[in-house]
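Visitor: What follows is a predicted protein model with its sequence.
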Amino acid sequence: MSTGHLSLDAQALYAQMQTDLRSHVSDSAHLVGITTGGAWLAEQLQSDWQRTTPKGVVSSSMHRDDFSKRGLADSIATQLPFQVDGAVIWLIDDVLFTGRTIRAVVNELFDYGRPAAVHLAVLVDRGGRELPVHADYAAARLTLPASQSLRLMRNDAGQFGFSVEVR
């Protein structure tokens, strides 16, 4: 597997996401980041917006259709420190591709209760959907070959960047 860099400015896309989403996310809504890149983004949004509404982290590991191959991967456990029943939830993720992670995450959410609404915001929608999943918000849309994997990275200073892995 080789690794490269994409000339897509993750920091600029985050700034755009922060500005664009602010008017769409009510003060009572909960930000829930999908591990790991989405969790980083949700954490940064929560801080930048100075929100007091509890945020959460959700893992797709237990509901993935490829669990037998991936196992628990490098995932942290789901943490939802609020009542899911009746909550408005904004799922935050870094890259939307096949839709399988989102399907798994929604199944995980419903293990905790029945939200009033679930919205999806992503930094990049790279196309290639295998399931009928659509982001309510995407800071960027692009197309990559299925043989390439786009991944959000975060350095020690908290700055975002992308890496592209070719399988």
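Guide: Received, thanks.
Visitor: tell me the strands in the chain, going along the chain?
Guide: 2-4, 30-34, 56-58, 88-96, 117-125, 137-141, 148-154, 160-166 (DSSP state E).
Visitor: Now Pro132: closest residue in space, sequence neighbours ignored.
Guide: Gly99 (7.2 Å; Cβ to Cβ, 6 or more residues apart in numbering). No exception for glycine: its C-beta is placed from N, CA and C like everyone else's.
Visitor: one step back: most tightly surrounded among the strands of the chain?
Guide: strand 30-34 (a mean of 26; mean count of other Cβ atoms under 10 Å).
Visitor: ok, back up a step: to Val106, which of the strands of the chain lies closest?
Guide: Smallest distance to Val106 across the strands of the chain (Cβ to Cβ): 6.5 Å, for strand 117-125.
Visitor: Contact partners for the closest residue to Asp94 other than its chain neighbours?
Guide: Spatial nearest neighbour of Asp94, chain neighbours left out: Gly37 (3.0 Å); criterion: Cβ to Cβ, 6+ apart. The contact partners of Gly37, by Cβ atoms under 8 Å, 6 or more residues apart in numbering, come to Asp93, Asp94, Val95, Leu123, Arg151, Leu152, Arg154.
Visitor: Turn these into JSON lines, columns for pLDDT.
Guide: Conversion of the contacts of Gly37 to JSON lines gives the following (pLDDT from 0 to 100):
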{"residue": "Asp93", "pLDDT": "98"}
{"residue": "Asp94", "pLDDT": "98"}
{"residue": "Val95", "pLDDT": "97"}
{"residue": "Leu123", "pLDDT": "98"}
{"residue": "Arg151", "pLDDT": "93"}
{"residue": "Leu152", "pLDDT": "96"}
{"residue": "Arg154", "pLDDT": "96"}
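Visitor: any weak-confidence spans in the chain?
Guide: For the chain, applying pLDDT under 70 flags the ranges 1-7, 64-75.
Visitor: ranges for the helices of it?
Guide: 10-22, 37-48, 67-70, 100-112 (DSSP state H).
Visitor: In CSV, list those helices along with distance to Pro145.
Guide: Shown next, in CSV, are the helices of the chain (distance: least, Cβ to Cβ, whole Å):
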stretch, distance to Pro145
helix 10-22, 20
helix 37-48, 20
helix 67-70, 21
helix 100-112, 18
